[in-house]
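J.: Got a predicted structure here, sequence first:
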Amino acid sequence: MEVERLAPAERDDLAWIEREAIQARAYDAMGARYDEAFPHKEGQLTCVERLLEQVGPGARVLDVGSGTGLPTARQLLAGGCSVTCLDISPGMLELAQRNVPEAAFQLGSVLDIPDGPPAYEAVVAFFSLLNLPRARMRTALRRIHSILTPDGWFGLAMVEADVDDVSIPFLGTRLRVTGYLRDDLRELLRECGFYIGWEQLLSYAPETSAAQPEIQMFFLCRRVDES
């Protein structure tokens, strides 16, 4: 199955390109072990259930940082949606192609997607935007806003932490991650044109001792436009 390769939007920033390549190689290395370390994904499942209540069959959905395609892309497809899986990791997309061959696949970052015109009734980004530094988070959220149809829906999950682009050990490799405190993230979403229609905070303990317990934040937001 073909994979569309998005042109890097930051092609003139060599440091950024190298950073993204390192992040991609880290996800290539961990592969299916990610799902093994985080097997309980009730928060994601619930968020997608609520999303499916808002969008009808045939809705176009972009899964940002789709990973292996499980459970999100599969759940969306089962709900009658047309799903595009976007990931910076070729290895993760290869796994997703096996798990959800009915989806479409794009290799790249959310930052590589051109602004508008609106192409999706919904976008989901479960624990993928935490790979961006705060300096680029607003750009990513506004990019997502621009590709959503009017009143389109955005499902987001982040880990609560007051950190910005720090390097951490993760499943035998290292990743650079960013977090927000819940009130700060709510305010950022509103500033970027989203109305928060539903949220849930969950305490989560990963299966592996190498990952620390965390607070996971789930938001289901609707695109709003200034009148």
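T.: Received it, and whenever you're ready, just let me know what you need.
J.: got the contact list for the closest residue to Pro118 other than its chain neighbours?
T.: Spatially, and ignoring its direct neighbours in sequence, Pro118 is nearest to Thr149 (4.3 Å; CB to CB, 6 or more residues apart in numbering). (C-beta placed from N, C-alpha, C; glycine too.) By CB atoms under 8 Å, 6 or more residues apart in numbering, the contact list for Thr149 reads 118-121, 223.
J.: Repeat that for Leu70.
T.: Residues counted as contacts of Leu70 (CB under 8 Å, 6+ apart) are 35, 99-100.
J.: Now, of those, which are buried?
T.: Buried residues within the contacts of Leu70, counting neighbours by 16 or more other CB atoms under 10 Å: 35, 99-100.
J.: Farthest pair within the contacts of Thr149?
T.: Maximum pairwise distance in these, criterion CB to CB, is 12.6 Å, between Ala119 and Arg223.
J.: Which one's more surrounded, the two?
T.: Using other CB atoms under 10 Å, the more surrounded residue of Ala119 and Arg223 is Arg223, with 23 against 16.
J.: Just want the phi and psi numbers for that one.
T.: phi -70, psi 130 (degrees, to the nearest 10).
J.: For it, name its beta-bridge partners.
T.: Beta bridges link Arg223 to Phe194, judged by DSSP bridges.
J.: looking at it, it is touching Ile147, isn't it?
T.: No - under the criterion of CB atoms under 8 Å, Arg223 is not in contact with Ile147, lying 9.6 Å apart.
J.: Tyr34: what's it in contact with?
T.: Tyr34 makes contact with 27, 67-68, 171 under the criterion CB under 8 Å, 6+ apart.
J.: host element of it?
T.: When elements are assigned from DSSP states H and E, Tyr34 belongs to helix 33-37.
J.: what do you get for His145?
T.: Assessed by DSSP H and E, His145 sits inside helix 134-147.
J.: name the helices or strands packed onto that helix?
T.: With contacts defined as 3 or more CB pairs under 8 Å, 6 or more residues apart in numbering; DSSP states H and E, helix 134-147 has these neighbours: strand 120-126, helix 182-191.
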